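Student: quick one: sequence plus predicted model below, questions after.
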Amino acid sequence: MAFFRKDQQLEKLGNRVLETTWAEFPQLARNQIAVTWIAYDPPVPVNTGGALSPEAFWNHSIRGFSYRSVERIYPASVVKLFYMVAAYEWLERGMVQLSVELERALRDAIVDSSNDATSLVIDILTGTTSGPELPPSPFATWKSQRNIINRYFQSLGWSELESINVNQKTWCDGPYGRERAFLGEMWDNRNMLTTDATARLLHSIVGGVAVSSEASQAMMKLMKRSLDPESLANDPENQVIGFLGGGLPRNAKLWSKAGWTSQVRHDAAYIELPDLQPYLLVVFIEGKAHSNNEEILPFLSRQIATVVQEEL
């Protein structure tokens, strides 16, 4: 059962947005997009500075729309949200110690989407390192250690997380040595997420209940995006242009994490428009023909923003 409830109004509006998007981009196949959209009706339970207890927060009923939201899709850098949450959990438990390098790596992984920074975060979380291939017994131990992040998320007991895989590093050129072996001959051990899983994790962060209220606030700071044109022009890795933030007015507030490769273009965002109810939007797009298209995500985002302004 999803963490949100569906209703007739959001189903109608969400399907209309999708139909408009397909009409605008006819080459985008219906099995190349997945969406989870959460509409936060008053009283809004998120971005409260941790005012709600976890029990009160999770008992708060919310409305949502979804399309192909349980399909397993390669998440690219959106997976870094999961590594960020795991890092703060480890810090909270005293399993790792905060250092200048871990702090720098977490910032660069989320703010700039650095793969090198993410590599260090995963090494620290799992006690493993990349390198040459290993003999069977040491490799078995190494693989077990690398799956500690998967075990943590499975321990939360969320049904949305049952099908995910978050045990791989993110790469620029690709994996080598033990990392390539860990992926499997057919890459069957790749990271995989769903838009519902991503939305629930993001929902917990903006709700102030991911790890702790203080940790959630720290994570929100890392995800905050500027929509100032001058700032964006000076930041080629801004994760706004070509993504959901690209379809928002300048006076909106945005917290997000994007991901893209030669095969996918994704974004997961929490959005506040002035004097309107906030919402959460996760969109995954697959297909080599669409991964470099910087118009699809902003177009869909603009449609959602218009719906929120005019019809919710």
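Tutor: Looks like it came in fine.
Student: and the helices in this structure?
Tutor: 8-24, 54-58, 80-93, 100-111, 115-126, 136-146, 148-155, 178-183, 195-206, 213-223, 229-233, 288-291, 296-311 (DSSP state H).
Student: pick the most deeply packed of these.
Tutor: helix 195-206 (a mean of 26; mean count of other C-beta atoms under 10 Å). Any C-beta I mention is one placed from the backbone N, CA and C, and that applies to glycine too.
Student: hey, C-alpha coordinates of that helix in CSV?
Tutor: Taking Å, rounded to 0.1, in the frame of the first residue of the first chain, the C-alpha atoms of helix 195-206 are listed here in CSV:
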residue,chain,number,x,y,z
THR,A,195,9.5,7.0,-8.2
ASP,A,196,7.4,5.9,-5.3
ALA,A,197,10.4,4.9,-3.3
THR,A,198,12.2,8.1,-4.1
ALA,A,199,9.1,10.1,-3.2
ARG,A,200,8.7,8.5,0.1
LEU,A,201,12.3,9.1,1.1
LEU,A,202,12.1,12.7,0.0
HIS,A,203,8.7,13.1,1.8
SER,A,204,10.4,11.9,5.0
ILE,A,205,13.2,14.4,4.6
VAL,A,206,11.0,17.4,4.0
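Student: what's it in contact with?
Tutor: Residues from elsewhere that reach helix 195-206 (C-beta atoms under 8 Å, 6 or more residues apart in numbering): 2-3, 34-36, 38, 46-47, 62, 64, 66, 68-70, 73, 75, 78, 81-82, 85, 158, 160-161, 163-164, 210, 216, 219-220, 223, 255, 268-270, 280, 282-284.
Student: any chance of JSON lines for the helices of the chain, columns mean pLDDT and distance to residue 275?
Tutor: As requested, these are arranged in JSON lines below (pLDDT from 0 to 100; distance: least, C-beta to C-beta, whole Å):
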{"stretch": "helix 8-24", "mean pLDDT": "98", "distance to residue 275": "19"}
{"stretch": "helix 54-58", "mean pLDDT": "94", "distance to residue 275": "24"}
{"stretch": "helix 80-93", "mean pLDDT": "98", "distance to residue 275": "28"}
{"stretch": "helix 100-111", "mean pLDDT": "97", "distance to residue 275": "28"}
{"stretch": "helix 115-126", "mean pLDDT": "98", "distance to residue 275": "37"}
{"stretch": "helix 136-146", "mean pLDDT": "98", "distance to residue 275": "46"}
{"stretch": "helix 148-155", "mean pLDDT": "98", "distance to residue 275": "36"}
{"stretch": "helix 178-183", "mean pLDDT": "98", "distance to residue 275": "48"}
{"stretch": "helix 195-206", "mean pLDDT": "98", "distance to residue 275": "19"}
{"stretch": "helix 213-223", "mean pLDDT": "97", "distance to residue 275": "21"}
{"stretch": "helix 229-233", "mean pLDDT": "88", "distance to residue 275": "23"}
{"stretch": "helix 288-291", "mean pLDDT": "94", "distance to residue 275": "34"}
{"stretch": "helix 296-311", "mean pLDDT": "96", "distance to residue 275": "9"}
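Student: out of these, which gets nearest to residue 172?
Tutor: helix 115-126 (5.4 Å; C-beta to C-beta).
Student: ok so, going back, make a markdown table out of the helices of the chain and add distance to residue 246.
Tutor: A markdown table is the format used below for the helices of the chain (distance: least, C-beta to C-beta, whole Å):
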| stretch | distance to residue 246 |
| --- | --- |
| helix 8-24 | 14 |
| helix 54-58 | 30 |
| helix 80-93 | 19 |
| helix 100-111 | 18 |
| helix 115-126 | 22 |
| helix 136-146 | 35 |
| helix 148-155 | 30 |
| helix 178-183 | 32 |
| helix 195-206 | 19 |
| helix 213-223 | 16 |
| helix 229-233 | 9 |
| helix 288-291 | 15 |
| helix 296-311 | 4 |
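Student: relative to the whole chain's centre, how far out is stretch 26-34?
Tutor: The chain centre lies 20 Å from the centre of stretch 26-34; the measure is C-alpha atoms, centre = their mean, to the nearest Å.
Student: tell me the mean pLDDT for that stretch?
Tutor: For stretch 26-34, the mean per-residue pLDDT is 97.
Student: quick one: terminal-to-terminal distance for it?
Tutor: End-to-end distance for stretch 26-34: 16 Å, by C-alpha to C-alpha, to the nearest Å.
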